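Participant: Following is a predicted model, sequence given first.
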Number of protein chains: 2
Amino acid sequence: MIPLKPKGKEGPDLNDAGASAKTILVKTKVSKEGMRAKAASSHESGQYHHGNLRDSLLAASIDILNENGLEALSLRRLAEKVGVSRTAPYHHFKDKSALLAAIAEQGFMSLSQILKTVVSDESLTLEARRKKAVMDYLRFALSHPVQYDLMFGKSLWQADDQNNFQRTAKDCFRQYVHLYEMFQKQGILKHEANPLRLAQLMWAALHGLAKLATEGVFANPQDLEEITAYALEHGIRD
Amino acid sequence: MIPLKPKGKEGPDLNDAGASAKTILVKTKVSKEGMRAKAASSHESGQYHHGNLRDSLLAASIDILNENGLEALSLRRLAEKVGVSRTAPYHHFKDKSALLAAIAEQGFMSLSQILKTVVSDESLTLEARRKKAVMDYLRFALSHPVQYDLMFGKSLWQADDQNNFQRTAKDCFRQYVHLYEMFQKQGILKHEANPLRLAQLMWAALHGLAKLATEGVFANPQDLEEITAYALEHGIRD
DNA sequence: AAGTAGATCTTGACAGTGTCAACTTTCATT
DNA sequence: AATGAAAGTTGACACTGTCAAGATCTACTT
């Protein structure tokens, strides 16, 4: 049986609050003298400028999301947690929705990196990569359910903004296409097979599984694992 | 090509505001003298008792959801639309979330009826029923996107409430299992095939497709149709 | 027929939310 | 040293969900 639940340490968690926001989003240049000790609160301590607010906000947001869910994330609570006034976040995010979009984007960056690593791991057979790409996707969704939700939030995709957000997201998806194209090159797929459609179908199935699982629809917690195993054995192959 | 978008009239829409709430939820007994003409507003007209408030609220909610989306649905706006004071709804729904749950439940009732009709339509071959069950599911999701979202809302499924809501929902799913069992009886499936897993997998794929489509993830509007067609031809078969 | 319990609906109030406007402080550049 | 931009602050507004207390109507008992 395939262990889907994250079991203890599974390598550095790119979405971990402290780590990710600072490492992934390379942007602000931590104040000269290196963030004085109790830098957390510019609001109550005498510091006027926080120095790293954007990243701190993202990190704290993810903390709140993971611990208390989406409904618990209000700009005011967030500001308070970071030790800054209510409206300070507006200097870094136009909107609440802009903040959520940034969180979503970061999620896609993490996921993209995960998938790239798997798909291009030449120490594995193609079939093994396929299996792992499926499992890793589900594992990501299950261990960051709220963030995963955000990543597919309606407003993000309907805006024709052409954020580089959408580009990041599509980068994720392209990994699956790439995988199936390699399958085809090796002649493993049937003639009529269409790598693009296969990838799309597999992605949809994964998305559905992830959603149903995180929403709590599956009565039996083992269902997800067994359906996934079944899918890998039988379905979505050609 | 398979027409997925609802094209004009597609029979009576069970989720239509006026119709559904009154016909599906058989409960209140429309006031004796049969709802005086301008009964809409008990608040501004002299009527103290609305007489049919629960159903009116549901109907009006669905109106708002379809027209303006989930974010536009506030209890206060709703109350005003129905012509009743802010807190009147609380006598019919414990919570805002209880209202949303009721809307979701009604959605599952509609969907359940749709699927039952298809699956037990003996004028069609099994394969034709499978196709139609898939298309009807997607059509439902696409034409009631917000309600569909609500139907899989986290809070609803995680509460161990054992609402009869969950029973209604599972009734939907069982139609697919039933379908695949009939397939198996006719010996169409392979030996190792597992009708339950097949149904679950197909449901997950449908859910994923529906979500991705309504969230606006597919760049090309035709993608949904083509992926679905591809899935019906190749995937999720044995 | 009167009266009363309970369902239904109302206003008042409160804490919480997102966000705008106007102000203050600090940073970076000339 | 001066100055404009960036970052942070308080005050204010409209809106939200929800509770408490009172008003009104319905239905049922006696």
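Facilitator: Okay, I see it.
Participant: shaky segments in chain A?
Facilitator: In the predicted model, chain A carries pLDDT under 70 at residues A:1-3, A:5-46, A:48, A:160-163, A:235-238.
Participant: Contacts only, for A:Leu100.
Facilitator: Contacts for A:Leu100 (C-beta atoms under 8 Å, 6 or more residues apart in numbering or on different chains) come out as A:Leu150, A:Gly153, A:Leu156. C-beta here means a position set from N, CA and C on the backbone, and glycine is covered the same way.
Participant: Tell me where the longest helix sits in chain A.
Facilitator: If you go by DSSP state H, chain A has its longest helix at helix A:96-119.
Participant: do it and DNA strand D meet at all?
Facilitator: No - figure legend: helix A:96-119 not in contact with DNA strand D (C-beta under 7 Å from any atom of the strand); closest approach 13.0 Å.
Participant: which parts of that helix are buried?
Facilitator: Neighbour-count burial for helix A:96-119 flags A:99-112, A:114-116, A:118-119 (criterion: 16 or more other C-beta atoms under 10 Å in any protein chain shown).
Participant: what's downstream of that helix, the next helix or strand?
Facilitator: Next along the chain after helix A:96-119, taking DSSP states H and E as the criterion, comes helix A:126-143.
Participant: For that next one, name the packing helices and strands.
Facilitator: The helices and strands touching helix A:126-143, judged by 3 or more C-beta pairs under 8 Å, 6 or more residues apart in numbering or on different chains; DSSP states H and E, are helix A:96-119, helix A:164-185, helix A:195-215, helix A:222-233.
Participant: now for the ones you listed, which one comes closest to A:Leu142?
Facilitator: helix A:195-215 (6.3 Å; C-beta to C-beta).
Participant: Extract the C-alpha set from that closest one and format it as CSV.
Facilitator: Below are the C-alpha coordinates for helix A:195-215, written out as CSV (Å, rounded to 0.1, in the frame of the first residue of the first chain):
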residue,chain,number,x,y,z
PRO,A,195,-0.2,13.1,-24.5
LEU,A,196,-1.9,16.5,-23.9
ARG,A,197,-5.3,15.0,-23.4
LEU,A,198,-3.9,12.3,-21.2
ALA,A,199,-2.1,14.8,-19.0
GLN,A,200,-5.2,17.0,-18.8
LEU,A,201,-7.3,14.0,-17.8
MET,A,202,-4.9,12.8,-15.3
TRP,A,203,-4.6,16.3,-13.8
ALA,A,204,-8.4,16.5,-13.6
ALA,A,205,-8.5,13.2,-11.8
LEU,A,206,-5.8,14.2,-9.4
HIS,A,207,-7.5,17.5,-8.8
GLY,A,208,-10.8,15.7,-8.1
LEU,A,209,-9.2,13.2,-5.8
ALA,A,210,-7.4,16.0,-3.9
LYS,A,211,-10.5,18.0,-3.5
LEU,A,212,-12.7,15.2,-2.5
ALA,A,213,-10.2,14.1,0.0
THR,A,214,-9.5,17.5,1.6
GLU,A,215,-13.2,18.3,1.7
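Participant: quick one, it and helix A:126-143 angle?
Facilitator: Orientation check (axes from the mean of the first three to the mean of the last three C-alpha atoms, to 10 degrees): helix A:195-215 against helix A:126-143 gives 30 degrees.
Participant: in helix A:195-215, what's buried?
Facilitator: Buried, per 16+ other C-beta under 10 Å, within helix A:195-215: A:195, A:197-215.
Participant: re earlier: mind putting the helices and strands packed on helix A:126-143 into JSON lines with distance to B:His92?
Facilitator: Putting the helices and strands packed on helix A:126-143 into JSON lines (distance: least, C-beta to C-beta, whole Å) gives the following:
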{"stretch": "helix A:96-119", "distance to B:His92": "31"}
{"stretch": "helix A:164-185", "distance to B:His92": "41"}
{"stretch": "helix A:195-215", "distance to B:His92": "26"}
{"stretch": "helix A:222-233", "distance to B:His92": "35"}
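Participant: Which of the ones you listed sits closest to DNA strand C?
Facilitator: helix A:96-119 (3.5 Å; C-beta to the nearest atom of the strand).
Participant: right, is that closest one up against DNA strand C?
Facilitator: Yes - on the criterion C-beta under 7 Å from any atom of the strand, helix A:96-119 is in touch with DNA strand C at A:Lys96, A:Ser97.
Participant: so that helix versus helix A:164-185, what angle?
Facilitator: Using the same axes, to 10 degrees: helix A:96-119 against helix A:164-185 is 20 degrees.
Participant: Tell me how far helix A:96-119 lies from the chain's centre.
Facilitator: Centre-to-centre, helix A:96-119 and its host chain are 4 Å apart (C-alpha atoms, centre = their mean, to the nearest Å).
Participant: Format the CA atom coordinates belonging to that helix as CSV.
Facilitator: The C-alpha trace of helix A:96-119 is given here as CSV (Å, rounded to 0.1, in the frame of the first residue of the first chain):
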residue,chain,number,x,y,z
LYS,A,96,-6.9,41.0,0.6
SER,A,97,-7.3,39.1,-2.6
ALA,A,98,-3.9,40.2,-3.7
LEU,A,99,-2.5,38.7,-0.6
LEU,A,100,-4.3,35.4,-1.2
ALA,A,101,-3.1,35.4,-4.8
ALA,A,102,0.5,35.8,-3.6
ILE,A,103,0.0,32.8,-1.2
ALA,A,104,-1.4,30.8,-4.1
GLU,A,105,1.4,31.7,-6.4
GLN,A,106,3.9,30.6,-3.8
GLY,A,107,2.0,27.3,-3.6
PHE,A,108,2.4,26.8,-7.3
MET,A,109,6.1,27.6,-7.1
SER,A,110,6.5,24.9,-4.5
LEU,A,111,4.5,22.4,-6.4
SER,A,112,6.3,23.2,-9.6
GLN,A,113,9.6,22.5,-8.1
ILE,A,114,8.4,19.2,-6.6
LEU,A,115,7.1,18.0,-9.9
LYS,A,116,10.1,19.1,-11.9
THR,A,117,12.4,17.2,-9.5
VAL,A,118,10.4,14.0,-10.0
VAL,A,119,9.8,14.2,-13.7
